[in-house]
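1. the following comprises the amino acid sequence and a computationally predicted model.
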Amino acid sequence: MRDWVTALLDEIRMVDTQQRRIAEEIQDLKRILQKMEDEEVSKKIKSDDLPRMNEIDTLVPGI
């Protein structure tokens, strides 16, 4: 019976290790996605897709 308990504990440790690794990978992917999103926003701000400040003044006088 002792061997069975030892094997079960080893399996639990192995699963715990895998879950930790998966959680770390998920966090890494979240960071990568956030970085990509930030870069896209930065590109959008720098692009001509956004109205220039003088164009905004004509759309909303008094700014």
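-> That came through, no problem. This structure is a prediction, so every number in the text was calculated from the model and none was measured. Residues are numbered from 1 along each chain as shown.

2. every contact and neighbour count from this point should use C-alpha atoms.
-> Will do.

3. pLDDT weak spots in this protein?
-> Flagging of the chain using pLDDT under 70 yields the residue ranges 48-63.

4. and the helices in it?
-> Counting by DSSP state H, the chain has helices at residues 2-46, 53-59.

5. in a markdown table: those helices, plus mean neighbour count.
-> Converted to a markdown table, the helices of the chain look like this (neighbours: other Cα atoms under 10 Å):
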| stretch | mean neighbour count |
| --- | --- |
| helix 2-46 | 12 |
| helix 53-59 | 11 |
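
6. so what's the residue positioned nearest the centre of the chain up against?
-> For the chain, the residue sitting closest to the mean C-alpha position, by Cα atoms, centre = their mean, is K30 at 1.9 Å. Residues in contact with K30 (Cα atoms under 8 Å, 6 or more residues apart in numbering): none are found.

7. roughly how far does K44 sit from K35?
-> 14 Å (Cα to Cα, to the nearest Å).
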